[in-house]
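Q: predicted structure and sequence below. I'll ask about it afterward.
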Amino acid sequence: MSKYLFSLILLVMIISSSFLKVVQASETYVGGVIVAVSDIKIASMAYEKMGFTIKPGKLHDNGLLNAHIKLPNKTNIELMSLVGAPSDDISEKYSKILEQGESGAYLELTGSDADAFSKKIDGIDHEVIRGKYWEYVIFPEGSGLEHIFLFHPYKDYKSKSHFYIHKNNAKMINRVWIEGGKKVEELFQTLGFQHCGERKHASGLSGMSYKTSLGEIIVTKDETADRPKVLGVSAKMDAAPKDFFSRSEANGIWIDDGTQSVNCG
């Protein structure tokens, strides 16, 4: 092979690699959920009983204390509690959420960087927050979108391998049910998520399905005056003690086995 041909092939590989990185950075998909819990220790024990491995978090300066359930495909369930009085805007939000009881507080979207995400949703009120290690896009309280945010780390953070292994063989979050109605659906349509029609849950609840490149989100009609919530997740559990855990068992959200495939014509 001539050195000129080799150089050309190398250049094509570099351009292709850069293109793929751009595409990946502009995709938005399900990253996980955050569950607001009253007591992190009690909640962690409940999830361990369901067969999940808990990665302990830490007590932050604002009083928030977290723990993580890391799944092999990098989706996650984060448990979040508040120790003491809130001391900033973020901990104040969790304080108000917990006043209403334990619940699914946030749906985390990921994949896209903040600038690409912000450009896509231009015209929808939002705020970009940049930190040392990651950046966020959040929506104002009262907007009907406040239970959704984008999280984009500046680099890939990996936990120790044993945290990804669960006794219930959980592999991924492949479906999330959230409240929200029309405003949330409009956001997902703006982001280019594929509309898959109506889907019904075994509990009798129904909602409109939106498929991302990683995971499905089902939006139910929000019929309350309260802050919209994350209702439940499907966690692809092959060997769980049972195939459905109620909100009382899972601290404010339901968790099912997620074996139902996501079909979208």
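A: Done, it's in. Note that the coordinates shown come from a computational prediction; the quantities given were computed from them, not determined experimentally. Numbers count the residues shown, from 1 in each chain.
Q: the stretch 151-265 of the chain: helices as residue ranges?
A: 182-190 (DSSP state H, counting those that start in this stretch).
Q: pLDDT weak spots in it?
A: Low-confidence segments of the stretch 151-265 of the chain, defined by pLDDT under 70: 222-225, 259-263, 265.
Q: how about the contacts made by the residue nearest to residue 191 when sequence neighbours are not counted?
A: Nearest residue to residue 191 in three dimensions, chain neighbours excluded: residue 28, at 5.3 Å (Cβ to Cβ, 6 or more residues apart in numbering). The C-beta positions use only the backbone N, C-alpha and C, and glycine is treated the same way. Residues near residue 28 by Cβ atoms under 8 Å, 6 or more residues apart in numbering: 109-112, 117, 120, 150, 191-193, 212.
Q: is it possible to mark the buried ones in those?
A: Of the members of the contacts of residue 28, the ones counted as buried by neighbours, 16 or more other Cβ atoms under 10 Å, are 109-112, 117, 120, 150, 191, 193, 212.
Q: all strands of the stretch 101-250 of the chain, in order?
A: 103-110, 127-130, 134-138, 148-153, 175-179, 194-200, 206-211, 216-220, 230-234, 244-245 (DSSP state E, counting those that start in this stretch).
Q: what's in contact with the longest one?
A: Residues from elsewhere that reach strand 103-110, judged by Cβ under 8 Å, 6+ apart: 28-36, 76, 78, 80, 94, 97, 117, 147-152, 176, 178, 212, 217, 229-232, 252-253.
Q: on that earlier part again, adding distance to residue 53, write the strands of the stretch 101-250 of the chain out as a markdown table.
A: What follows is those, written out as a markdown table (distance: least, Cβ to Cβ, whole Å):
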| stretch | distance to residue 53 |
| --- | --- |
| strand 103-110 | 19 |
| strand 127-130 | 30 |
| strand 134-138 | 23 |
| strand 148-153 | 21 |
| strand 175-179 | 20 |
| strand 194-200 | 29 |
| strand 206-211 | 28 |
| strand 216-220 | 24 |
| strand 230-234 | 16 |
| strand 244-245 | 16 |
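Q: what about stretch 248-255, start to end distance?
A: Between the opening and closing residues of stretch 248-255 there is a gap of 11 Å (Cα to Cα, to the nearest Å).
Q: for the residue nearest the centre of the chain, give me phi and psi.
A: With the centre of the chain defined as its mean C-alpha position, the nearest residue by Cα atoms, centre = their mean is residue 32, 2.3 Å away. Residue 32 adopts backbone torsions of phi 160, psi -170, taken as degrees, to the nearest 10.
Q: excluding chain neighbours, what is closest to it?
A: In space, residue 32 is closest to residue 76, 3.8 Å off (Cβ to Cβ, 6+ apart).
Q: next one: that neighbour from residue 227, what distance?
A: In this structure, residue 76 lies at 22 Å from residue 227, with Cβ to Cβ, to the nearest Å as the measure.
Q: tell me which of those two has more neighbours.
A: Between residue 76 and residue 227, residue 76 has the larger neighbour count (other Cβ atoms under 10 Å), namely 21 against 18.
Q: now do the contacts for residue 245.
A: Residue 245 makes contact with 50, 254-256 under the criterion Cβ under 8 Å, 6+ apart.
Q: by neighbour count, which of those residues wins?
A: Counting neighbours by other Cβ under 10 Å, the top entry in these is residue 255, with 27 neighbours.
Q: mind checking how far it is from residue 62?
A: Counting by Cβ to Cβ, the gap from residue 255 to residue 62 is 28 Å.
Q: these two touch, right, residue 65 and residue 41?
A: No. Here residue 65 does not reach residue 41: they are 9.4 Å apart, not a contact under Cβ atoms under 8 Å.
Q: neighbour count: those two, which is higher?
A: For the pair residue 65 and residue 41, the greater number of neighbours falls to residue 65 (19 against 11), based on other Cβ under 10 Å.
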